[in-house]
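A.B. asks: could you look at this predicted model? Sequence included:
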Amino acid sequence: MNFTTIWERLLPIGRNERSGGYRRYSWTEADMACRAWFARTASSLGLRTDCDRNGNLWAWWGRPGSEQAVVTGSHLDSVPDGGAFDGPLGVVSAFAAVAELRALDFQPARPIAVVAFAEEEGARFGVACLGSRLMTGAIDPATARELRDGDGVSLADAMTAAGRNAALAGPDDELVGQIGALVELHIEQGRALDGLSAPVGIGAGIWPHGRWRLDFTGRADHAGTTRLADRRDAMLAFAATALSARDAAAECASLATFGKVVAEPGAANAICSAVHAWLDARAADEATLDRLVGRIGEAARQAAGRHGVLMEINRESFSPAVSFDPVLRDRMAGVLSAEGSVPPLLPTGAGHDAGVLAARVPAGMLFVRNPTGVSHSPAEHAELADCETGVAALTAVLADLAGR
């Protein structure tokens, strides 16, 4: 099997015909279809599949535990109406690289595993990289089990409905201890590679980032009869905060985004009694991130005060700055340079499972060129030739790491 064959078999799963984007949310019908695709693909390559206690999928070439494994992969879930490449490119490329190594009659001296981490985007339960966080102990399992989606369904209930034992979710030190190196291939979420005329790059590190929930509480009232001076409009306080966040991000040379907002009671002819908004904030270092979020929080408090509204801000998740393992990074660079390319080093503001695992194991990333830089959108795209170059790069890296 080659990249195109594997890719085209996954492509229709979870695709929304109206938007053209993907709705692959964890523990839903689309997710279960992706899991079935993973098992079929692994079986066709002679790999043994397994689902760990946290819902992460594994396909093994070799016996786990015999030697520390070389792991590669990414995730299959999506943001609402996300693109085809974010996550799945890494899983498909991992399978394609294994297929190429098998075709070359490569005999690994160390086990090789393809992994698909669960709930990387956090689109259903609100915490990004949830599967890898649970596996490494980066999140309390009791807290995770109580996370709820927009319909009030808990993670524990969703896992149970899918046939998994949610009570077992949590740190898996034995599995983590079997990983000698993790290499995650991902589409670049930006267009630095295009500017450098490079099809593939190596990850240098990840900006610190997090998600904060802001709750504005006012008073519901009639849109047609309540005087402006008498209103306690939660939406006005939020709107002022969103504009202030844009200014604060520019001043701090950082990024701030309100991508999810829930208004109550949600009627077109009613003044908002409450607005719940989620802030995604990212910066080059943690001190700058703290300063950015502090400015946004202060702007929210001031806006709430002006409009007679209460405001509360709480951090829901946080990922510290990550520098990928320098030994692994240099080794990958050496392998690819020997293959005839000199891949550039790229920092990224996007979070990844490799960033979570980097706290416990040697981890690195390969990025495939994104000519427009568009991501988390149906317009996300990578050229087939670049995808195949990414597979060739991953194949060479796996052969080096797992070879004799």
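C.D. replies: Perfect, thanks for sending it.
A.B. asks: tally of neighbours for residue 150?
C.D. replies: 11 (other CB atoms under 10 Å). Backbone N, C-alpha and C define where each C-beta goes, glycine included.
A.B. asks: what does the pLDDT read for it?
C.D. replies: Per-residue confidence at residue 150 stands at 90 (pLDDT).
A.B. asks: what are the buried residues along the helix or strand containing residue 305?
C.D. replies: Taking DSSP states H and E as the definition, residue 305 sits inside helix 286-306. Within helix 286-306, the residues scored as buried using 16 or more other CB atoms under 10 Å are 288-289, 291-293, 295-297, 299-301, 303-304.
A.B. asks: name the helices or strands packed onto that helix?
C.D. replies: With contacts taken as 3 or more CB pairs under 8 Å, 6 or more residues apart in numbering; DSSP states H and E, helix 286-306 sits against strand 209-217, helix 234-251, strand 274-282, strand 310-319.
A.B. asks: report the angle between that helix and strand 209-217.
C.D. replies: 10 degrees (axes from the mean of the first three to the mean of the last three CA atoms, to 10 degrees).
A.B. asks: starting at the chain centroid, how far to helix 286-306?
C.D. replies: Centre-to-centre, helix 286-306 and its host chain are 25 Å apart (CA atoms, centre = their mean, to the nearest Å).
A.B. asks: distance of the residue nearest to residue 304 when sequence neighbours are not counted from residue 215?
C.D. replies: Spatial nearest neighbour of residue 304, excluding adjacent residues (CB to CB, 6 or more residues apart in numbering): residue 311 at 3.7 Å. Applying CB to CB, to the nearest Å, the value for residue 311 to residue 215 is 7 Å.
A.B. asks: taking strand 310-319 as reference, get the angle to the helix holding residue 305.
C.D. replies: 160 degrees.
A.B. asks: list of residues touching helix 286-306?
C.D. replies: With CB atoms under 8 Å, 6 or more residues apart in numbering as the test, helix 286-306 has contacts from 207-210, 212, 214, 216, 236-238, 240-241, 244-245, 248-249, 251-254, 256, 279, 281-283, 309-311, 313, 320-321.
A.B. asks: run the last query once more with 7 Å
C.D. replies: Here helix 286-306 makes contact (CB atoms under 7 Å, 6 or more residues apart in numbering) with 208, 212, 214, 216, 237, 240-241, 244-245, 248-249, 252, 254, 256, 279, 281, 283, 310-311, 313, 320-321.
A.B. asks: domain parsing for the protein?
C.D. replies: Split into domains by automatic domain parsing, the chain comes to 3-207+321-402, 209-319.
A.B. asks: so of those, which one's packed in deepest?
C.D. replies: Highest mean neighbour count of the domains of the chain: domain 3-207+321-402, a mean of 20 (counted as mean count of other CB atoms under 10 Å).
A.B. asks: mind checking how far that one is from the chain centre?
C.D. replies: Distance, centroid of domain 3-207+321-402 to centroid of chain: 9 Å (CA atoms, centre = their mean).
A.B. asks: so for whichever strand or helix holds residue 101, mean pLDDT?
C.D. replies: Using DSSP H and E, residue 101 sits in helix 88-103. The pLDDT scores in helix 88-103 average 98.
A.B. asks: so what sits against both of residue 311 and residue 215?
C.D. replies: By CB under 7 Å, 6+ apart, no residue touches both residue 311 and residue 215.
A.B. asks: and the residue nearest to residue 304, how close does it get to residue 398?
C.D. replies: Shown here: residue 311 relative to residue 398, a distance of 50 Å by CB to CB.
A.B. asks: what's the answer for residue 73, then?
C.D. replies: Taken as CB to CB, the span from residue 73 to residue 398 is 11 Å.
A.B. asks: show me what contacts residue 14?
C.D. replies: Going by CB under 7 Å, 6+ apart, residue 14 touches 22, 23, 24, 30, 33, 34, 78.
A.B. asks: would you list those residues in CSV and tack on pLDDT, secondary structure and distance to residue 41?
C.D. replies: Shown next, in CSV, are these (pLDDT from 0 to 100; DSSP: H, G, I helix; E, B strand; the rest coil; distance: CB to CB, whole Å):
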residue, pLDDT, secondary structure, distance to residue 41
22, 97, strand, 18
23, 97, coil, 21
24, 98, coil, 16
30, 98, helix, 16
33, 98, helix, 13
34, 98, helix, 10
78, 97, coil, 18
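A.B. asks: dump those residues to a markdown table, plus distance to residue 44.
C.D. replies: Converted to a markdown table, these look like this (distance: CB to CB, whole Å):
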| residue | distance to residue 44 |
| --- | --- |
| 22 | 23 |
| 23 | 26 |
| 24 | 21 |
| 30 | 21 |
| 33 | 17 |
| 34 | 16 |
| 78 | 24 |
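A.B. asks: so where do the strands sit in the stretch 301-404 of the chain?
C.D. replies: Per DSSP state E, counting those that start in this stretch, the stretch 301-404 of the chain carries strands over the ranges 310-319, 322-323, 345-348, 363-368.
A.B. asks: so for stretch 15-23, first residue to last residue, what's the gap.
C.D. replies: 6 Å (CA to CA, to the nearest Å).
A.B. asks: before we move on, back to that, nearest to residue 379, out of the helices and strands packed on helix 286-306?
C.D. replies: Shortest distance between residue 379 and the helices and strands packed on helix 286-306, using CB to CB, is found for strand 274-282: 19.7 Å.
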